[in-house]
Every structure is written in structure tokens, then in C-alpha cells.
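1. what would the 3D arrangement of this be:
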Amino acid sequence: MKPVVPEPERASALGPVARAGAGLGPRPKISFEFSPPKTPVAEENLWEAIRRLEPLNPDFVSVTYGAGGSTRDRTHRTVTRMLKETRLKPAAHLTCVEASRAEVDEVVRGYWDAGIRHIVALRGDPPGQIGGVYTPRPDGYLNATELTAGIRAIAPFEVSVSLYPQKHPESPSLDHDIDVLKAKVDAGATRAITQFFYDIDAFLRFMDKVRAAGVTIPISPGIMPVSNFKGLKKMAEPVGIPLPAWLGNLFEGLDEDPETRRMIAASVAAEMCVRLAEEGYSDFHFYTLNRADLVYAICRVLGVREVAA
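-> You can find the predicted model right below:
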């Protein structure tokens, strides 16, 4: 006869996804990042993803801004359409690369006039040079801290800023990154969104230092559920994001098996989110790459369900 295992011990044997399925924790806050489409087909795919994720009632959704403002008009069209046709609360990305203060301020005022109340303020990368050398314009904003202050001087926007949990590639140290974040908060930042990462322990150590430094604004871990490891490496290497060996091993030999890659990607991201939720994190920002399927599944694991209109 098999011994009866007490319920607490049986529950503790479950993996993170199964533990999340117990539904014991609160519903987390979620947000999604999209990119403005370049073609009619891409626009159709984007709006298919938006319609699939809209019923999950995210806190906000952000729309990226290409290097050097290369997607300025497309970003504006996308966020204004979201505002008009959905229940979503769009946040427009804005950079200060290759633009004067006057040009950036014009964009900011245009967003306010269009009804946008949230901007993601970023320094940005030079056109076509992700991770390249940044040279500020003499008549432009020097960095994201100055940009944040400029935005808040124009109107009382909510301003989100970026944060690298494993050191910005141009930074001398993590302590310097925290000092920069504090300067952004002093300039008016109301939230930070981290770059994507896969080393949870390193993220938790970094966040302990951030909070110990007196930073109290909400900070959303950035989650990148990617099923194409080669594509992920292309995104991660220029900005100095380390990819653990175990992640590469999971995708090894699956170049011609996209379905298995997708299942692995969903499993990895779901386990990361549940681990972070168990550590007390309740805000998650998903880099969707304009696809809804993986993100929708991960939100389901976290207990996020569709909300009726």
C-alpha cells in the first residue's frame, strides 16, 4: 500500500506552471510592446495580435519608435488608431536621436493633442546601428533623463523609462546604471521597464540594489518569449544581453522544427514569470514581436483571463 502524501508536500512537488495553475496569487498587471508595421501584411498581423490580446485588459501597450525616429509617422498612426478603435491605453515610444529639441517637443505636443497620456522615453540608437556609438545633436536632448524632463515640462504625461538589469553596454557599472535611473526618476519618470533577460538570479540581485538605493517607482520585468534562438542572439548581442548556455541547448537542433521551438519558448517564459511572481513581482511587460500566441499562453499561466467589454 502506497503511503499517503500530505497535501502541502504534494503541492510542493509541482513545477512552477502547475503551481501557478492553482490560482492562489493575485492577478498580475501586464503590458505589451508592439512595433509599427512596415507593410500591409505586417499591419494585418499586428492588428490580429492586438485584437487577440486586447481582451486581457493590459495596463497599457507601448508602440516602438525606430532608430533616429525612422518610424515616427507609423508610430503615431498606430497609437492614435489604438486610441480610437480599442479599449487599450497606448504609450508611444520616443527617442532623442537625430532630432532637435524643437522637433521632439513638437512630437510630444502632438501626442498630447491626440489624447496620448503615456510616453516611453528612450535615448535611442543611431539609425541602422543598434548598439552603435551614440552622438547627441548639439541642439537636441542629451539623453533619456533630459528627454524625460522635457516631456514632463510640456504636459503631465506618465513617463516610462528603460532599465538594463545586467548593465547597459555603455555603462561602467551597475551602480552607475542605478544612479542614471535615480536621475530619470528625479526628472519625472513614473515607471521603469527592463530590457529582456534570462538570468533571474542576477535580476533579483540587481533589483535588491535598486530598491536599497531608494528607487520606489514601479519596475516591470521585460519578458521576451522568442522561439527563434538565432534571431534572439541577433537582438541580444549588440546590446550586451547575455544568453545562458542552457537556453541555447534547449533550441539546439530544432532549426527545422518551429512547433517544438514555440513550445519550448512558451515553457521558458512561463517558468520565468511564475518564478518572478513567487518572488513578489506583479507587473510584467511582454515584448510581443507583434505576435499574440506565446504571450497569450503565458498570461493564461499567470492567471490573466479575458475581461468582457
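2. alpha carbons only for contacts and neighbour counts from here, please
-> Will do.
3. mind saving the C-alpha coords of the helix or strand that contains residue 32 as PDB?
-> For residue 32, the element it lies in under DSSP states H and E is strand 29-34. What follows is strand 29-34, C-alpha atoms only, in PDB (Å, rounded to 0.1, in the frame of the first residue of the first chain):
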ATOM      1  CA  LYS A  29      -0.600  43.600 -14.100                       C
ATOM      2  CA  ILE A  30       0.500  43.200 -17.700                       C
ATOM      3  CA  SER A  31       1.600  45.400 -20.600                       C
ATOM      4  CA  PHE A  32       2.600  44.600 -24.200                       C
ATOM      5  CA  GLU A  33       5.000  46.100 -26.600                       C
ATOM      6  CA  PHE A  34       4.200  46.300 -30.300                       C
END
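4. so in that sheet, which strands flank it, and in what orientation?
-> Partners of strand 29-34 in the sheet, by DSSP bridges, are strand 60-63 (parallel), strand 283-287 (parallel).
5. who wins for proximity to residue 138 among these?
-> In terms of CA to CA, the element of these nearest to residue 138 is strand 60-63, at 27.2 Å.
6. now do the helices in the protein.
-> Ranges of helices within the chain are 7-12, 16-21, 40-53, 72-85, 101-114, 144-154, 174-187, 200-212, 229-236, 245-251, 258-278, 293-301, based on DSSP state H.
7. how about CSV for these, with distance to residue 30, mean pLDDT and mean neighbour count added?
-> Shown next, in CSV, are the helices of the chain (distance: least, CA to CA, whole Å; pLDDT from 0 to 100; neighbours: other CA atoms under 10 Å):
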stretch, distance to residue 30, mean pLDDT, mean neighbour count
helix 7-12, 26, 52, 10
helix 16-21, 16, 76, 17
helix 40-53, 11, 96, 16
helix 72-85, 17, 89, 17
helix 101-114, 23, 94, 16
helix 144-154, 23, 97, 21
helix 174-187, 21, 97, 18
helix 200-212, 18, 96, 14
helix 229-236, 22, 92, 14
helix 245-251, 24, 95, 13
helix 258-278, 11, 94, 18
helix 293-301, 8, 94, 20
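8. those: which one's closest to residue 223?
-> helix 258-278 (7.0 Å).
9. who's in contact with the closest one?
-> Residues outside helix 258-278 that contact it (CA atoms under 8 Å, 6 or more residues apart in numbering): 16-17, 20, 198, 200, 223-228, 250-251, 254, 284, 294-295, 297-298, 301-302.
10. same question for stretch 149-169.
-> With contacts defined as CA under 8 Å, 6+ apart, stretch 149-169 is touched by 105, 108-109, 112, 117-122, 131, 144, 148, 173-174, 177, 181, 184, 187-195, 197, 202-203, 206-207, 239-241.
11. of all the residues in that stretch, which ones are buried?
-> 149-152, 157-168 (16 or more other CA atoms under 10 Å).
12. start to end distance for it?
-> Stretch 149-169 has an end-to-end distance of 24 Å (CA to CA, to the nearest Å).
13. from the chain's centroid, how far away is that stretch?
-> Computed by CA atoms, centre = their mean, to the nearest Å, the chain-centroid distance of stretch 149-169 equals 13 Å.
14. same deal with stretch 83-91?
-> Centroid separation for stretch 83-91 versus its chain: 18 Å, with CA atoms, centre = their mean.
15. likewise stretch 185-196?
-> From the chain centre to the centre of stretch 185-196 is a distance of 12 Å (CA atoms, centre = their mean).
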